[in-house]
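Engineer: Can you look at this prediction? I've put the sequence above it.
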Amino acid sequence: MQRVIRQRIAAHLAKTNGNAVILVDEIQKIQPGVMEVFVPMLDPRGSLTFVDYVEPDTYANKAKSLWNMFKSTTGIATDAQKSTQRNAKKVCESGEDDSDQGNCDASDMDTPVDLSKPMRDGLVQVTKEISTQNVIFIFVSDIGVDTMIKLLLKYGDRQNIPIPKLRSDIKHVLDEQWDRLVLGKTVKEIVPYLPLEEIHVRDILASKLEVGDKLAIQKKLWLKMVTDNDVIDSLSGPRFIDYEQFSLGGSQKLFATRGARALENAGIYL
């Protein structure tokens, strides 16, 4: 699994020049140990190391490809390979073969290269490294939802919960879980996503209907979609959306068990 994650992220970063936003959903379901693959990427000077397979001729014909290989591959080179390495260095320094003259670092170019690495379908295996310093990682999880519900019941309304208190309590719960997932202190920002009450589901539905109506009008699917408050109240109510009741002391609240996701099917069985 870690190899698959590395390869997929590496392939994406290669297309975006190392700039990306990567979202990992429901990390609480990921098997222990798998999340370790992200730890080196989350470092302030983070990077991703991965295995790639390339054409052997690429090394001899393209100085830039040789340059990348010499920087990323270690091993013991044969005399013939060392000769090829020296020739590539000369080409790079001379600016031939479309390389930028003066971009070669002699110390890096002298790194031994092992072309006896495992081959697959005639391709040479090389280890490459790509920077993740310009990547934003977002990990989504329901870890800490019980703590958030208790805070909502204790303070009565989400507007009354002190932000430092909310962030501190959730961070404590996440740290305990992340210790198991080996993420530790690498995550720098916590954004609590509080459970939705019926009024919030209603607002989301009203917004979705408004946006959907505008798009449909632009595509000339209809002239105008007319809805009233009774329709919105019904589709966002307990008849179509599952709510669960929670209580603490004398405080009681209903929260949508699946958030706003159930709105996709609301009213389908009218």
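Structural biologist: Good, I have the coordinates. Numbers count the residues shown, from 1 in each chain.

Engineer: Across the sheet, point out what pairs with residue 245.
Structural biologist: Taking DSSP bridges, one obtains residue 254 as the residues bridged to residue 245.

Engineer: any idea how far residue 226 is from it?
Structural biologist: According to C-beta to C-beta, to the nearest Å, residue 245 and residue 226 sit 34 Å apart. To be clear about C-beta, it is placed using only N, CA and C from the backbone, and glycine gets the same treatment.

Engineer: go on, residue 186?
Structural biologist: Distance from residue 186 to residue 226, by C-beta to C-beta: 51 Å.

Engineer: more neighbours, these two?
Structural biologist: Legend: neighbour count by other C-beta atoms under 10 Å for residue 186 and residue 226, higher for residue 186 (17 against 7).

Engineer: where does the more buried one land in three-state SS?
Structural biologist: coil (DSSP: H, G, I helix; E, B strand; the rest coil).

Engineer: residues touching it, list them.
Structural biologist: 38-39, 42-43 (C-beta atoms under 8 Å, 6 or more residues apart in numbering).

Engineer: Of those residues - the most surrounded one?
Structural biologist: residue 38 (25 neighbours).

Engineer: hang on, isn't that residue packed against residue 138?
Structural biologist: No: look at residue 38 against residue 138 with C-beta atoms under 8 Å: they stay out of range, at 11.4 Å.

Engineer: just for the stretch 1-150 of the chain, where's the confidence low?
Structural biologist: 32, 54-122 (pLDDT under 70).

Engineer: Now the common contact residues for residue 38 and residue 138.
Structural biologist: The contact lists of residue 38 and residue 138 share residue 24, where a contact means C-beta under 8 Å, 6+ apart.

Engineer: quick one: residue 247 is in a strand?
Structural biologist: Yes: the assignment for residue 247 is a strand, going by three-state DSSP.

Engineer: pLDDT value on the spatially closest residue to it that is not a sequence neighbour, please?
Structural biologist: Spatial nearest neighbour of residue 247, chain neighbours left out: residue 153 (7.0 Å); criterion: C-beta to C-beta, 6 or more residues apart in numbering. pLDDT for residue 153: 94.

Engineer: any idea how far residue 153 is from residue 159?
Structural biologist: From residue 153 to residue 159 the distance is 14 Å (C-beta to C-beta).

Engineer: Those two: who's more crowded?
Structural biologist: For the pair residue 153 and residue 159, the greater number of neighbours falls to residue 153 (16 against 6), based on other C-beta under 10 Å.

Engineer: does that one belong to a helix or a strand, and which?
Structural biologist: helix 145-155 (DSSP states H and E).

Engineer: hmm, who's touching that helix?
Structural biologist: 158, 161, 165-166, 169-170, 173, 192, 194-195, 246-249, 251-253, 255.

Engineer: Next: stretch 166-175.
Structural biologist: 141, 143-144, 147-148, 151, 184-185, 187, 190, 192.
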